[in-house]
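A.B. asks: Let's see this in three dimensions:
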Amino acid sequence: MSMNMESSTSQFPVSQLNFSREINGNETEIIISRYEDHFLVIATQIGTMGTIVYARKEEGVSINPTFNVSVIFGKRDEPMLVACARQLIEQMSLSGSSRPLVLSLGLKDHSVETLKGIVSAVTDNSICFKYLLSKNVLISENHNSLLYNKYIS
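C.D. replies: Sure, this is the predicted structure:
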């Protein structure tokens with residue numbers, strides 16, 4: 001499983017992380033952008049945005065968190081796309097983030113395995129997940145070894 005990472009953060013206030021991974025036999029490009037008030041995760045196998053889903057944690061007095069997930073644009077009849085966004089927002093919330101998520105899925109294959117692969121690509125990679133939850137991280141690839149460097153935003 002190969003992963004290429006690069007970051008483009010020094011000249012624009014939106015930091016982002018780009019990498020590719022083979023998921024269920026398809027090369028998948030993943031771009032994660034961290035805005036001040038939300039995250040944007042784009043996963044594409046077809047080079048386009050695809051279906052766009054919005055997910056956020058509902059604030060309330062309940063002990064158990066509630067999540068609101070809705071399709072903004074695209075295939076509204078694909079419940080697995082909504083489930084993918086819900087899994088990502090739950091994992092981000094459990095790790096301490098309160099930012100909403102905008103998820104764009106341009107996939108050839110909408111199978112459970114592919115969507116699990118998307119969630120895993122974002123959450124199982126510790127460097128990627130630290131990037132999502134931290135404020136000042138620059139990630140780059142240097143001869144197949146990942147470097148985790150701090151930068152000043």
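A.B. asks: Which helix or strand in this protein has the lowest average pLDDT?
C.D. replies: strand 145-150 (a mean of 35; mean pLDDT, DSSP states H and E).
A.B. asks: Next up, the contacts around the residue positioned nearest the centre of the chain.
C.D. replies: Among the residues of the chain, the one closest to the centroid is V41, at 3.8 Å (Cα atoms, centre = their mean). Each residue near V41 by Cβ atoms under 8 Å, 6 or more residues apart in numbering is listed here: I30, I31, I32, S33, L88, L101, V102, L103, S104, V122. (Each C-beta comes from the backbone N, C-alpha and C, glycine too.)
A.B. asks: who's in contact with the helix or strand harbouring the fourth one?
C.D. replies: I take that to be S33. Under the criterion of DSSP states H and E, S33 resides in strand 26-34. Here strand 26-34 makes contact (Cβ under 8 Å, 6+ apart) with 14-22, 39-45, 47, 107-109, 114, 117-118, 121-122, 128, 131-132.
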